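In: below: sequence and its predicted model.
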Amino acid sequence: MSKFKIAPSILSANFAKLGQEITDVLASGADIIHFDVMDNHYVPNLTIGPLVCEAIRPLTDAMIDVHLMVKPVDRIIPDFAKAGANMITFHPEASEHIDRTIGLIKECGCKAGMVFNPGTPLNYLDHVLEKLDMVLIMSVNPGFGGQSFIPEALNKLRTVRKMIDATGKDIWLEVDGGVKVNNIAEIARAGADTFVAGSAVYGAGKDSDPHRYETVIAAMRAELAKA
Ligand SMILES: O=C(CO)[C@H](O)[C@H](O)COP(=O)(O)O
Ligand SMILES: [Fe+2]
């Protein structure tokens, strides 16, 4: 896997043919499947749960990156681990005890990540950063695909990049929300290495174009090569 990883969010996929949508983006050069779980409580939307994760798991060996927008979060973590998730990320506001939640994800055999909304302070990383496998910076408020990138996320990425580099550990820095071909290079320069893109990938081109995912992912990689 290259330093830069592209993770299409299936939130913007055609759910009537979800399996095909997943195999198509992976065959088109994507690295990771980003799986958005929304509970209509922590965020004002309702999406998919462990049953869907279990159903797609046999389709690929690629990482399934489960982004839990669920409160309380702990109860559902073992279910996603059993369903085949590789990475589980959670929002600190949705956890009563963040160190315990990180430990639970790892005990379940998954990599652990913590997610920061645009207004969430980074001090939740104090004392736990080195236990994490990934930090996810939201560049939109969570709940919906297709929103515009919030530029302040770039400053947050720069700050977290310095914090991660100071640990000397291989902690991934993911960005989620409004990532497009025309801003991905700037986001990479701010320090992100893993890029969630939902509407930019699944909304690309015309449905009749069988190469539309390949085209947009290649365009993102070309931009990343310049970063
Ligand atoms: O977590 C999310 C929203 O809460 C999604 O992953 C994100 O919005 C991706 O969609 P897009 O790339 O269209 O912004
Ligand atoms: Fe997400």
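Out: In hand now; what should we look at? Ligands and ions are numbered 1, 2, ... in the order given.
In: can you pull out the strands in this structure?
Out: Counting by DSSP state E, the chain has strands at residues 5-8, 32-38, 63-69, 87-90, 111-116, 134-138, 172-176, 194-197.
In: how about residues contacting the first one?
Out: Just to be clear, that refers to strand 5-8. Contact with strand 5-8 is made by 25, 29-34, 65, 172, 174, 193-198, 201-202, 213, 217, 220-221, as judged by Cβ atoms under 8 Å, 6 or more residues apart in numbering. Heads up, the C-betas are built off the backbone N, CA and C, glycines and all.
In: what subset of these is buried?
Out: Judged by neighbour count, with 16 or more other Cβ atoms under 10 Å as the criterion, the buried members of those are 25, 30-34, 65, 172, 174, 193-198, 201-202, 213, 217, 220.
In: and the strands of the chain as CSV, adding mean pLDDT and distance to ligand 2?
Out: Below are the strands of the chain laid out as CSV (pLDDT from 0 to 100; distance: least, Cβ to the ion, whole Å):
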stretch, mean pLDDT, distance to ligand 2
strand 5-8, 98, 9
strand 32-38, 98, 4
strand 63-69, 99, 4
strand 87-90, 99, 8
strand 111-116, 99, 8
strand 134-138, 99, 8
strand 172-176, 98, 4
strand 194-197, 98, 5
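In: buried residues in stretch 215-226?
Out: 216-217, 219-220, 223-224.
In: run the chain-centre distance for it.
Out: 18 Å (Cα atoms, centre = their mean, to the nearest Å).
In: can I get the CA coordinates of it in CSV?
Out: Provided in CSV are the C-alpha atoms of stretch 215-226 (Å, rounded to 0.1, in the frame of the first residue of the first chain):
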residue,chain,number,x,y,z
THR,A,215,-10.8,7.9,-13.7
VAL,A,216,-11.6,9.8,-10.5
ILE,A,217,-9.3,7.6,-8.3
ALA,A,218,-6.5,8.0,-10.9
ALA,A,219,-7.0,11.8,-10.9
MET,A,220,-6.8,11.8,-7.1
ARG,A,221,-3.6,9.8,-7.2
ALA,A,222,-2.1,12.2,-9.8
GLU,A,223,-2.9,15.1,-7.5
LEU,A,224,-1.4,13.2,-4.5
ALA,A,225,1.8,12.6,-6.5
LYS,A,226,2.2,16.4,-6.7
